[in-house]
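Trainee: make a model of this:
(one chain, ligands or ions: 1)
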Amino acid sequence: MKAKLLGAHVDALTMEETVGRVSGFIKSGRPRRILTLNPEYLYRAQFDSELMRLLTRADLVTPDGVGIVWACRVAGNPVKGRITGIDLMLCLVEKAAAEGWSVYLLGAAPGVAENAVEKLRCAYPGLRVAGAHHGYFKEEEACRVAEAVRQARPELLFVALGAPRQEIWIDRYLELTGATVAMGVGGSFDVIAGRARRAPGWVQRLHLEWFSRLLMNPSRWKRQLVLPCFACMVLRKYKL
Ligand code: UDP
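Mentor: Residues are numbered from 1 along each chain as shown. Next up is the predicted model:
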């Protein structure tokens, strides 16, 4: 089931159903894109047709931010809960270890993806890691990076370049990489590698993870200014 929200279609699935859907993608072998949607992205997409196109093109759109879960409820199309990029990545890595799918980590500062790989290998013994590459490459090197992924032949490709750069990169290069499923995961490698901390569970349960990220990284305030604008847009469209 899909929930319609501000021109986007958000998949209303539990985590288990989401992982099941991705398993189906891997079995089909056709290239598929997963977009973890937060309010910032959806707000920008209202004014940027290219971002909306990427959203429409995605094969699976998960409600990443609590703002998306709230907005779907206001729109009268509730989803089943929040599916964050990092939670979905970890569930998929666990499934990959069980099923023998190989994974590739692309993005974050030099060394971070490799650190994240070490942590994942410890947590999920038997995980097949096809490779890792940092995310600080120039536009003219993007093809070479995609080619490096292709040589490694992963099934699952996690891309941590920040939104919307990761979605744009996946849109352009997924076919060239030869990976079956690609997903943008923002700052997840930093968290897995232990370079950044996620808000504690109780803060997440109070739906205040966005606030905690703001406290830990005050430079995010400019980005988070769109949150009240997004809320007003949703209320205007669905309540007034
Ligand atoms: N990043 C990157 N290349 C760049 C810019 C950013 O690999 O040119 C990485 C950055 O190191 C971080 C991630 O992209 O690991 C973005 O994290 P952020 O928390 O900003 O992502 P969000 O989930 O908020 O989009």
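Trainee: flag every residue of this structure that's near the ligand.
Mentor: Residues of the chain lying near the ligand by Cβ under 6 Å from any ligand atom: 107-109, 135-136, 160-163, 186-187, 189-190. Every C-beta, even on glycine, is put in place using the N, C-alpha and C of the backbone.
Trainee: would you list every one of the strands in the chain?
Mentor: 2-5, 8-11, 32-37, 60-63, 102-107, 128-133, 156-160, 181-184 (DSSP state E).
Trainee: and residue 197, which of these is closest to it?
Mentor: Among these, the nearest to residue 197 by Cβ to Cβ is strand 156-160 (16.1 Å).
Trainee: quick one: the closest one to strand 32-37, angle?
Mentor: Taking axes from the mean of the first three to the mean of the last three Cα atoms, to 10 degrees, strand 156-160 and strand 32-37 form an angle of 40 degrees between their directions.
Trainee: strand 156-160 packs against which elements?
Mentor: helix 85-99, strand 102-107, helix 165-177, strand 181-184, helix 188-192 (3 or more Cβ pairs under 8 Å, 6 or more residues apart in numbering; DSSP states H and E).
Trainee: quick one: mean pLDDT for the second one?
Mentor: What it means is strand 102-107. Regarding strand 102-107, the rounded mean pLDDT is 98.
Trainee: pull the CA atoms of it into CSV?
Mentor: What follows is strand 102-107, C-alpha atoms only, in CSV (Å, rounded to 0.1, in the frame of the first residue of the first chain):
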residue,chain,number,x,y,z
SER,A,102,27.2,-9.0,-1.2
VAL,A,103,27.2,-5.4,-0.2
TYR,A,104,29.2,-2.3,-1.2
LEU,A,105,29.5,0.9,0.9
LEU,A,106,30.1,4.1,-1.0
GLY,A,107,30.4,7.4,0.7
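Trainee: pairing partners for it, with directions?
Mentor: Applying DSSP bridges to the sheet, strand 102-107 is found paired with strand 128-133 (parallel), strand 156-160 (parallel).
Trainee: for it, what is the distance to the chain centroid?
Mentor: 13 Å (Cα atoms, centre = their mean, to the nearest Å).
Trainee: quick one on the thing from earlier: okay, the strands paired with strand 102-107 in TSV with distance to residue 47 and mean neighbour count next?
Mentor: Listed next are these as TSV, based on distance: least, Cβ to Cβ, whole Å; neighbours: other Cβ atoms under 10 Å:
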stretch	distance to residue 47	mean neighbour count
strand 128-133	32	19
strand 156-160	24	27
